[in-house]
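pasting the structure only:
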């Protein structure tokens, strides 16, 4: 503790009021949206520049004090919880969109910029930033967890979206991991090493991200299917036939029941659904919609309806984005334990079928939504707050789902990350490759000060 | 030498006739297509399984003997030259297409499979493998150099194409770096660490790669422009307007003069050209072509012509793929020193203008072709074989081009890699990040036996 208070004094000297040791601020930085046990940092720093981040990390490194980066706290596996205390580095004051390069379709931003903030800044350009996790997360946090969302099937996840990073290493050194050139074969791919590293190898202080042109025409559609399998098979056929679907969301019949309760006006039946979005030119979108409708109807789809008017489209995606509340409408007063797995799409229908058996055996209600074009799906396991027995059953169900994903050749997390919540599966998923991850961690952060207790 | 001969004896015991110490075999594995000094391995191993690769590497590791992976030797920066001798691991006997998953749009292959071999194997499926460097390289080699080609603007490079790898580490351990799931947030991105690592961190023994559906309709087009700048501006506008161009190749007027000499039937004027390809549905492709034509003609393009018949398209792309011979037609009997840089597309026209000044000052002939949608271009600097003075001038020109690329915010190699040829630029391009690359190399290969002398 002596060490830490001396460290905090030095940080206070550097940052003044932008170093907080107040309990309420520390509590805000002591938990994310996961079911993990809160743990408070000793202090919270609010740097405004890369140089300040570098100095903070250097000071902490001298004392072996943990450093935990923090965006807006929307992570779902305990990523930003300072399980060994130390300094939480809140990037909210590093929130400037620094450059927008319209000709290059890229932008350079600070890590505290959120995804909707960036899209607002792009409004005059005809360009868009496409990665859209449920929360309005920061781009620094999204890069750190390799986040994705509903558009990933067409535009990619943060893995495909981050072109280059500026990173503060565990000794305070500042590096740049690439240039704004679209591609490079000049050495090891450091950008991708830090994307998904969850703050355990360094702190992202600047990002260069790809943008995309807003398409001339956007159409949204919904279709009801006789079974989840029919919906998944439709998606497989559509992708194989080259349809460049922009969004393909699967919602099971339980989720649709919640939707009907929460949005009675939506008027969609309680059957497995696909919610879709098509992007392209005027003629191209019409053609895509008709091609998709033909495939879907062959697979038994009913109630195919589509809309190109902005208000109608927004109504649909707002309903999708409110899935969390729709879930809760199924069991008023409940809370949701949210999970995330990803399998090869050919295994998706079978994996979901076994998942539904597991849900039935658990006796719990667990609506399912999925980014089905990626083979990625989520359960929201609904439990009564404070009911330890239900929480235990929910955790057992989530555990079973993770094991199923591995058995089907998949991964225990498609987009939420490892944090502390999924660390127990790393050895099983990666085998000897997990040891290599530890070797990398040890080489880059030999003191183990960067977000300790996560991933490795 | 004692150590090495003992090592070779042990390898011979393992591999029998598949371990060669014959001079002609060693000579074949002593150089690639670059202007680098040949250097022979002590022996060449021809493993047939991952287990054999693992054993070879373990035996070499015990003796600290260098290990250099070899595909078909088409690298361009000396990548596969055993500059410190040791054992060249030739993957030509590991050339099976192991699995094709049509529903998942992926394939699992051994590293010695070449790109045309994979496409032949896919013939009945309606799927295609899209990365197409000039040479018919092996997929192992292409992953190791992070290769790309003419389709990268639409389908990505090896960076976007490799989903997972099996790798033999420098101590013989076999790891898998991912699953066939389309995305994952489960820990450090080891796949991307090995893509582009040029055999310096381990040996790729299996690859899972993405495939794409062959589009319903393909159209090719050519357009002549009053200047390189007009051609580049056309591409920028086309990309901004969301046209999903599949190929956009820039050929300058010098290259077109060579084309005219080599393919008199092609009948294209000696002006900067774009060669394009459009992929999509029937209506979509027609619309793309018309949209592109409108933009190009606004920028002063003339002679816009397009074709959807396979033979006409093939004639065009054959001409493009024969650019090397077209170059040589400009100066019969010459050889070409080939370079490769990549800059942000907004800087491309200016970078090319300065490059052309540098070419003029060099007094050499150097036709230019570029994957212009990526900001990537190549010079083929034509020199007389054995003319040391011209070689020196060519190297000085290539050096100037590399410095220009860095000055324009780019990279010294977009797709050819570092090898030994571009190592001298690593510090300038990466700054303190290069030290991190050395840290990684040291951590993963502490003995430095994996392809020594390359990248770091």
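Great, that's in hand. Everything numeric here is computed off the predicted structure, so don't read it as measured data. Numbering: from 1, shown residues only, chains lettered A, B, ... in the order given.

and the closest residue to chain B within the stretch 51-200 of chain A, what does it touch?
Nearest to chain B, among the residues of the stretch 51-200 of chain A, is residue A:192, at 3.4 Å (Cβ to the nearest Cβ). Bear in mind the C-beta positions are built from the backbone N, C-alpha and C, glycine included. Contacts were defined as Cβ atoms under 8 Å, 6 or more residues apart in numbering or on different chains; by that measure residue A:192 touches A:159, B:159, B:189, B:192, B:193.

in the stretch 101-250 of chain A, which spans are helices?
Ranges of helices in the stretch 101-250 of chain A, per DSSP state H, counting those that start in this stretch, are A:115-121, A:139-145, A:152-155, A:158-161, A:190-194, A:228-240.

Need the winner for burial among those.
Sort these by mean neighbour count, taking mean count of other Cβ atoms under 10 Å in any protein chain shown, and helix A:139-145 sits at the top with a mean of 30.

And for that one, what's in contact with it?
Outside helix A:139-145, the residues that touch it by Cβ under 8 Å, 6+ apart are A:69, A:71-72, A:74-75, A:79-80, A:91, A:94, A:109-115, A:118, A:131, A:133, A:147, A:158, A:162, A:165, A:194-199, A:204-205, A:207, A:209, A:415-417, B:185.

mind listing what's buried in stretch A:255-267?
For stretch A:255-267, the neighbour count (16 or more other Cβ atoms under 10 Å in any protein chain shown) marks A:255, A:256, A:257, A:258, A:259, A:260, A:262, A:263 as buried.

Okay, the first one and residue A:221: tell me how far apart.
As defined by Cβ to Cβ, to the nearest Å, residue A:255 lies at a distance of 17 Å from residue A:221.

same thing with residue A:183?
Noted for residue A:183: a distance of 34 Å to residue A:221, by Cβ to Cβ.

sorry, back to before: for the contacts of residue A:192, which one is nearest residue A:359?
Using Cβ to Cβ, residue A:159 is the member of the contacts of residue A:192 that lies nearest residue A:359, at 29.9 Å.

How confident was the prediction at the closest one?
Residue A:159 carries a pLDDT value of 97.

ok, now how distant is it from residue A:84?
Computed as Cβ to Cβ, the residue A:159 to residue A:84 distance reads 29 Å.

Ok, residue A:277 next?
Spatial separation of residue A:277 from residue A:84 under the definition Cβ to Cβ is 43 Å.

With neighbour numbers in mind, choose between those two.
Each of residue A:277 and residue A:84 has its neighbours counted (other Cβ atoms under 10 Å in any protein chain shown); residue A:277 has more, 24 against 16.

ok, and for the helix or strand hosting the more buried one, which residues are buried?
In this structure, residue A:277 sits in strand A:273-280 according to DSSP states H and E. Burial within strand A:273-280, assessed by neighbour count using 16+ other Cβ under 10 Å, is assigned to A:273, A:274, A:275, A:276, A:277, A:278, A:279, A:280.

Nearest residue to the residue most central in space within chain A in space, please, no chain neighbours.
Note on chain A: the residue nearest the mean C-alpha position is residue A:147, at 3.3 Å, using Cα atoms, centre = their mean. Of all residues not flanking residue A:147 in the chain, residue A:133 sits nearest, at 4.6 Å (Cβ to Cβ, 6 or more residues apart in numbering or on different chains).

show me the contacts for that neighbour.
By Cβ under 8 Å, 6+ apart, the residues touching residue A:133 are A:74, A:115, A:142, A:147, A:148, A:149, A:415.

export those to CSV and tack on pLDDT and distance to residue A:444?
As requested, these are arranged in CSV below (pLDDT from 0 to 100; distance: Cβ to Cβ, whole Å):
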residue, pLDDT, distance to residue A:444
A:74, 91, 26
A:115, 97, 28
A:142, 98, 21
A:147, 97, 22
A:148, 95, 25
A:149, 92, 29
A:415, 95, 24
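
Can you tell me which of these is nearest residue B:310?
residue A:148 (37.2 Å).

Surely that closest one is in contact with residue A:416?
No. Using Cβ atoms under 8 Å, residue A:148 is not in contact with residue A:416, being 9.7 Å away.

more crowded one of these two?
Here residue A:148 and residue A:416 are compared on neighbour count by other Cβ under 10 Å; more neighbours surround residue A:148, at 30 against 27.

The more buried one and residue A:106: what is the separation?
Computed as Cβ to Cβ, the residue A:148 to residue A:106 distance reads 19 Å.

repeat for residue A:360
If you go by Cβ to Cβ, the gap between residue A:360 and residue A:106 works out to 47 Å.

Show me which of the two is the more surrounded one.
Here residue A:360 and residue A:106 are set side by side on neighbour count (other Cβ under 10 Å), and the busier one is residue A:106, at 23 against 10.

Does the more buried one touch residue A:163 like I think?
Yes. Taking contacts as Cβ under 8 Å, residue A:106 lies within contact range of residue A:163: 6.0 Å.

got any residues that touch both of the two?
A:180, A:208, A:209, A:210.

Going by distance to chain B, which of those residues wins?
Nearest to chain B among those, counting by Cβ to the nearest Cβ, is residue A:180 at 4.4 Å.

Pull out the buried residues from the biggest helix by length in chain A.
Longest among the helix segments of chain A by residue count, using DSSP state H, is helix A:388-407. Buried residues in helix A:388-407, counting neighbours by 16+ other Cβ under 10 Å, are found at A:390-391, A:393-395, A:397-398, A:400-402, A:404-406.
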